[in-house]
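[1] with the input below, show me the fold.
(chains A and B)
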Amino acid sequence: MDKELKRFIYVTILIIGTVLISLIFSDTTASSMSNSTQFDSTKNSGTYTITQLLSKRPLDQNIKVAGNISAVLKDYTSKKGYVYQRLKVSDGSNEILIFCSAYKGKSDLTIGDRVSVEGKFQKYKDEYEIYTYCSQIQKIK
Amino acid sequence: MIGLTHVIFAFSLIYILRLPIVAGIISSILPDLDLTFTFAFPLVHRGILHTPIALIVLTTLFYLITQNKSSTLAFAIGFLTHLFLDSLTPMGIMWLFPYEKYYSLNLVYSSSLLGNLMIILFSLLIFVLWKYHQRLIVWIKS
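    So this is what the prediction gives:
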């Protein structure tokens, strides 16, 4: 086999194989479980677009965003049995993960629902997300 | 992804492509220089230094300094591998910067031990297979 063709095949295998391995060993099912994951709804929240959130990065602050549900991901159940829902919200410019505790009740949101989300902007494993209670995600018109 | 994953993946790819290794390895971790940034957006981690614009600008600068085409190509590929691997993580990177939208395949957390380990092992496997495939073929045939 021509050496250049072999080189091409190996490069392709390396790249596609890496994607497949990431898919097989994908661990983006869980999110923040630390003790610091608390959301105090009594604190005032600043309103941001998702783009502003990702650029200004007001870590550990209460924030508010509005957008449409762009994805409803698999629920996560912690070892202690607490259920968390995972949703993605998009405002047209960017999207962000909402990781919400179903402790006070689950939400019945579906893709396309327009929502207002108030929660804590935080970082988990180098990724940004909004932590809140699912019952506090409000559907808006 | 962690630095070692970027280095090993880039090393395997650049070795297979028979390009200068050092340039490729340096550029494979260069974007994470923004971890030291304490400025405003876009001078933040996964900001402008993780974009194709940075790739083009820095590669051009590299060529102007070194005047070496193969090293420059290795530099560009190393840098590109970093963007590629970071696109596997949930946050992704801004492929179309200055359009401030992050694109991601959302497959593995950048600090996932298992994810990084598997990519490192796979990259090393491909490197070993490439380097020793002739001997392997002879061994299998014997």
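[2] ok, and the closest non-adjacent residue to B:T89?
    B:S110 (4.3 Å; C-beta to C-beta, 6 or more residues apart in numbering or on different chains). Using the backbone N, CA and C atoms, a C-beta is placed for each residue, glycine as well.
[3] so what's that neighbour up against?
    Going by C-beta atoms under 8 Å, 6 or more residues apart in numbering or on different chains, B:S110 touches A:K125, A:D126, A:E127, B:M1, B:I2, B:D86, B:T89, B:M91.
[4] go again with 6 Å.
    For B:S110, the contacting residues are A:D126, B:M1, B:T89, by C-beta atoms under 6 Å, 6 or more residues apart in numbering or on different chains.
[5] need these in TSV with neighbour count, distance to B:L58 and pLDDT, can you?
    Shown next, in TSV, are the contacts of B:S110 (neighbours: other C-beta atoms under 10 Å in any protein chain shown; distance: C-beta to C-beta, whole Å; pLDDT from 0 to 100):
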residue	neighbour count	distance to B:L58	pLDDT
A:D126	18	23	78
B:M1	28	19	84
B:T89	26	21	85
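[6] the residue nearest to B:T89 belongs to a strand?
    No - in this structure, B:S110 is coil, not part of a strand, as judged by DSSP: H, G, I helix; E, B strand; the rest coil.
[7] gap between it and A:G81?
    Distance, B:S110 to A:G81, by C-beta to C-beta, to the nearest Å: 28 Å.
[8] try B:P98
    46 Å.
[9] quick one, which of those two is more surrounded?
    B:P98 (9 against 6; other C-beta atoms under 10 Å in any protein chain shown).
[10] what sits closest to B:L30 if chain neighbours are left out?
    Closest residue to B:L30 apart from its sequence neighbours, by C-beta to C-beta, 6+ apart: B:F79 at 6.3 Å.
[11] which helix runs longest in chain B?
    helix B:113-141 (DSSP state H).
[12] can you pull the buried residues of whatever helix or strand A:Y10 lives in?
    Following DSSP states H and E, the helix or strand that holds A:Y10 is helix A:3-24. By neighbour count with 16 or more other C-beta atoms under 10 Å in any protein chain shown, helix A:3-24 contains the buried residues A:Y10, A:V11, A:I13, A:L14, A:G17, A:T18, A:V19, A:I21, A:S22.
[13] quick check: mean pLDDT across that helix?
    What helix A:3-24 shows for mean pLDDT is 92.
[14] next secondary structure after it?
    Criterion used, DSSP H and E; the element after helix A:3-24 is strand A:46-47.
[15] which residues does that following strand contact?
    By C-beta under 6 Å, 6+ apart, strand A:46-47 touches A:I63, A:K64.
[16] one more pass at 7 Å, please.
    For strand A:46-47, the external contacting residues (C-beta atoms under 7 Å, 6 or more residues apart in numbering or on different chains) are A:P58, A:Q61, A:I63, A:K64.
[17] now do stretch A:109-126
    Contacts for stretch A:109-126 (C-beta under 7 Å, 6+ apart): A:31-32, A:39, A:45, A:53, A:58-72, A:87, A:89, A:98, A:128-132, A:136-141, B:109-112.
[18] what sits closest to A:S55 if chain neighbours are left out?
    Once flanking residues are discounted, A:S55 sits nearest to B:F41: 3.6 Å by C-beta to C-beta, 6+ apart.
[19] that neighbour: neighbour count?
    Neighbourhood size, B:F41 [other C-beta under 10 Å]: 15.
[20] OK, contacts around it?
    With contact set as C-beta under 7 Å, 6+ apart, B:F41 has these partners: A:S55, A:K56, B:G47.
[21] most neighbours of all these, which one?
    B:G47 (22 neighbours).
[22] burial count for A:S93?
    Neighbour tally, A:S93, other C-beta under 10 Å: 14.
[23] which helix or which strand is home to the most centrally placed residue in chain A?
    Centroid-nearest residue in chain A: A:L97, 1.8 Å away (criterion: C-alpha atoms, centre = their mean). Assigned by DSSP H and E, A:L97 belongs to strand A:95-101.
[24] which is the next helix or strand following that strand?
    Next in sequence after strand A:95-101, counting helices and strands by DSSP H and E, comes strand A:114-124.
[25] and the helix or strand that that following strand is followed by, what other elements does it pack with?
    Later in the chain than strand A:114-124, the nearest helix or strand by DSSP H and E is strand A:127-133. Judged by 3 or more C-beta pairs under 7 Å, 6 or more residues apart in numbering or on different chains; DSSP states H and E, the packing partners of strand A:127-133 are strand A:95-101, strand A:114-124.
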